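>>> Got a predicted model here, sequence first, then my questions.
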Amino acid sequence: MTAPLAAQDNAAIKELDAQLPGELVNDPSRIDWQSYGADLEASGVVDESIPGGGAARRFEVKRAAEFIYTAGTNVPLTKPVNRGDTITIGFYARTVSADTDDGRGIVRVRFQQNAEPYPGFGEETVSIGTDWEWYEVSAEAEQKLRKKDGIVAIQFGRTRQTIEIGQAIIVSGSGTIAGKGPVTVAAARSETPELEMPDSVKGAGTLLNNPAQARWKFGGSAGTYVNREEPEIWMMQATRFEVAEPGTTLTDLYATVPIGQAIKKGDKLTIAIAAKSVATNAADGKAVAASRIQGTAPPFESFASNRFKVGDKWQLIKIQTQAPRDYTPGGSELQLYFGGSEQQVDLGPVYIFKTEE
């Protein structure tokens, strides 16, 4: 497997750190932050017009909750921050839509420990405009934030809204970063690490999708989903889906994998899904998941519906199918479902091939 992207980005991060006030205490090249919320969909956005590297995370809060902390994203620290130090976060953001009187999004920034009872400090509510802008929040640390569980929480669950958050920079020892925006920034990690292909599917055909997860959509009310690094799988990224309550619906916890290339009627397709069961109450110790390909426009017709079991070791699940009609580039997507049972499933890269004859 290739080296982690963090190592490849190290030189750029050191160069940025030398130009910033205070000490850099996060990895600004990362935007694959942990996100949470039963009524939240998180996905990646890649566009050269996005400041700070051309990439952002989109957060769609589908239903407002009573408390703002019920949905959010956590930016992890890479170095500890001591009690009494000044800590500042700066980030690019914009509001796509919001159910507010002025159309501006609402987020709350909180410096905290990501472990029970989640102690924190420096809470500040920020109004996010509709154009890309640079926002900063600063506070004096009321407790030590450790490297292993120190985070800056950006919370937004009290408002039905869609916001995008781009590159984030966190420093210790300074009450400001750059006012209206950094002069020099490290490129935010955008779409995908270097493509890695399992040996068993090399030469399988033409790859129709991006196997990495930065541009996928995740959502559903049946449980939670968390993006995480996974050194044991190709491209070292995975998403953990967890259903903790019985009586949920299979389709109410899902991942959506865009298919960027065109598909013609009669095309033979091979789907290869990397997955592992982490925990399950099933008697055979295997989690249950399902998949289907569907159109992205009405009437959203689907094909290749499959249900499959996932063992407790990383495996590549292969599905063969044939397209019933034509799909334009971006006109189809693969849906993967993980609800319906009390279980935890890790989803790694997914490969969709048009099989060569």
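Perfect, thanks for sending it.

>>> which residues of the chain fall in helices?
Assigned by DSSP state H, the chain shows helices spanning 5-8, 10-19.

>>> show me what contacts residue 84?
140, 141 (C-beta atoms under 8 Å, 6 or more residues apart in numbering). (Glycine included, C-beta is placed from N, CA and C.)

>>> For it, give its distance to residue 139.
Residue 84 sits 11 Å away from residue 139, taking C-beta to C-beta, to the nearest Å as the criterion.

>>> So residue 35 is in contact with residue 58, correct?
No. Counting by C-beta atoms under 8 Å, residue 58 is not a contact partner of residue 35; they are 10.4 Å apart.

>>> which of the two has more neighbours?
Taking other C-beta atoms under 10 Å, residue 35 and residue 58 do not tie; residue 35 has more neighbours (21 against 16).

>>> if I pick that one, what's in contact with it?
Counting by C-beta under 8 Å, 6+ apart, residue 35 has contacts 42, 57, 59, 71, 72, 73, 74, 225, 226, 227.

>>> and what of residue 253?
By C-beta under 8 Å, 6+ apart, the contact set of residue 253 is 219, 220, 221, 222, 223, 225, 241, 243, 337, 338, 339.

>>> Now for the fourth one, how many residues are close by?
When neighbours are counted by other C-beta under 10 Å, residue 222 registers 24.

>>> now do the third one
Using other C-beta under 10 Å, the number of residues around residue 221 comes to 15.

>>> Likewise for residue 336?
Neighbourhood size, residue 336 [other C-beta under 10 Å]: 23.

>>> For stretch 303-311, output the C-alpha coordinates as CSV.
The C-alpha coordinates for stretch 303-311 follow below in CSV (Å, rounded to 0.1, in the frame of the first residue of the first chain):
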residue,chain,number,x,y,z
PHE,A,303,-31.5,-2.4,-10.8
ALA,A,304,-29.0,-4.9,-9.4
SER,A,305,-30.6,-5.1,-5.9
ASN,A,306,-28.6,-7.5,-3.7
ARG,A,307,-28.4,-8.4,-0.1
PHE,A,308,-25.2,-9.8,1.3
LYS,A,309,-23.4,-10.8,4.5
VAL,A,310,-20.1,-9.3,5.8
GLY,A,311,-17.6,-11.3,7.7
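
>>> So residue 90 sits against residue 174, correct?
No. Residue 90 is beyond contact range of residue 174, at 10.3 Å (criterion: C-beta under 8 Å).

>>> If you count surrounding residues, which of these two has more?
residue 90 (25 against 15).

>>> So what sits opposite that one in the bridge?
On the basis of DSSP bridges, residue 90 is bridged to residue 136, residue 169.

>>> Which pLDDT value belongs to it?
Residue 90 is assigned 95 on the pLDDT scale.

>>> Tell me the spacing between it and residue 165.
11 Å.

>>> The closest residue to residue 325 other than its chain neighbours: how many residues sit nearby?
Nearest in space to residue 325, with sequence neighbours left out and distances taken as C-beta to C-beta, 6 or more residues apart in numbering, is residue 265 at 4.9 Å. By other C-beta under 10 Å, 10 other residues sit near residue 265.

>>> try residue 246
9.

>>> any idea how far it lies from residue 341?
Taking C-beta to C-beta as the measure, residue 246 falls 8 Å from residue 341.

>>> Need the CA coordinates for stretch 225-232. CSV is fine.
Extracted in CSV, the C-alpha atoms of stretch 225-232 (Å, rounded to 0.1, in the frame of the first residue of the first chain):
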residue,chain,number,x,y,z
TYR,A,225,-21.6,6.9,10.5
VAL,A,226,-18.0,8.1,11.1
ASN,A,227,-15.2,8.5,8.6
ARG,A,228,-11.9,7.1,9.9
GLU,A,229,-8.4,6.2,8.9
GLU,A,230,-7.9,2.4,8.3
PRO,A,231,-4.4,1.3,7.6
GLU,A,232,-5.5,-2.3,6.9
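
>>> Read off the pLDDT value for residue 192.
Model confidence at residue 192 (pLDDT) stands at 44.

>>> again, but for residue 150
94.

>>> picking that back up, out of the contacts of residue 253, which one sits closest to residue 207?
Relative to residue 207, the closest of the contacts of residue 253 is residue 337; by C-beta to C-beta it sits at 22.9 Å.
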